[in-house]
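Q: sharing a model prediction with you, sequence too.
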Amino acid sequence: MKDPAESFHTLAEDRHSVRHFRDTPVARNLIERVLQTAIQAPSAHNRQPWRFVVLTKRADRELLAAAMGERLRADRSIDGDPENAIERDLANSWMLITGAPVVILLCMTMEDMDHYGDDRRESAEHHMGIQSVAMAGENLLLAAHAEGLGASWLCAPLFSADNVRRAFDLPPSWEPQGLILIGYPQDESRKRTRRGLNEVTQWR
Ligand SMILES: Cc1cc2nc3c(=O)[nH]c(=O)nc-3n(C[C@H](O)[C@H](O)[C@H](O)COP(=O)(O)O)c2cc1C
């Protein structure tokens, strides 16, 4: 049997973003298994501020893509980007989001987090909430990979939070942070390179 530590390192090293999927549906118990591992992540004060919205119906993925697309179109028009570039971008993200059998919207709630009377500490606490959700997100990506699924984090809900909230009538405290596409990979996608450890580390 392979050394468990080595198996884990290999899993993390092999994981890469997958954005194109086969039509094959993903069984609900497999999605639940992956989410169970996601929620084992550490979180600030163990308050577990992650919230998930699992979209398996195409109509819901289209609703999400449309809500986010509306914001993207408005933002890029304000930037003065050429109309055809905006339409290309919108078509690409529509394809990605509607083409994934499962989309998990990742949200964060400050409901159970601490609150302070000053902006500095309030902001630090808000960051801790976001960091905690990101940890659940990475667990989710690794668990999906371990199960032979492909997955990728997309940031669009962060840029269109109000549109997404409205489209799905989310509880008021749920702050959209990102989404994760999940499905069986359509083809071999490549692992992106990483900077060398020496470049990103200071030993003191
Ligand atoms: C917070 C975050 C936001 C991301 N947003 C997007 C995105 O909007 N679109 C996209 O195609 N990939 C997105 N990604 C995936 C990254 O592009 C990808 O992880 C990175 O290029 C490294 O590639 P790898 O995951 O294959 O190792 C995001 C990843 C993270 C962690």
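A: Sure thing, it's come through.

Q: packing partners of the one helix or strand residue 93 maps to?
A: Following DSSP states H and E, one finds residue 93 within helix 83-99. Packing partners of helix 83-99 (3 or more C-beta pairs under 8 Å, 6 or more residues apart in numbering; DSSP states H and E): helix 58-78, strand 150-154, strand 175-183. (C-beta placed from N, C-alpha, C; glycine too.)

Q: counting by contacts, list what the lengthiest helix in the chain packs against.
A: The longest helix of the chain (DSSP state H) is helix 119-146. Packed against helix 119-146, as judged by 3+ C-beta pairs under 8 Å, 6+ apart, are the following elements: helix 4-14, helix 28-38, strand 50-55, strand 102-108, strand 150-154, strand 175-183.

Q: redo that, cut-off 6 Å
A: helix 28-38, strand 102-108, strand 175-183 (3 or more C-beta pairs under 6 Å, 6 or more residues apart in numbering; DSSP states H and E).

Q: out of those, which is closest to residue 66?
A: strand 102-108 (13.1 Å; C-beta to C-beta).

Q: give the buried residues for stretch 15-29.
A: 15, 16, 17, 18, 19, 20, 21, 26 (16 or more other C-beta atoms under 10 Å).

Q: with stretch 30-49 instead?
A: Applying 16+ other C-beta under 10 Å to stretch 30-49 flags 30, 31, 34, 35, 37, 38, 41, 43, 44, 47, 48, 49 as buried.

Q: around the ligand, which positions in the chain sit nearby?
A: 16, 17, 19, 152, 153, 154, 155, 156, 178, 191, 192 (C-beta under 6 Å from any ligand atom).
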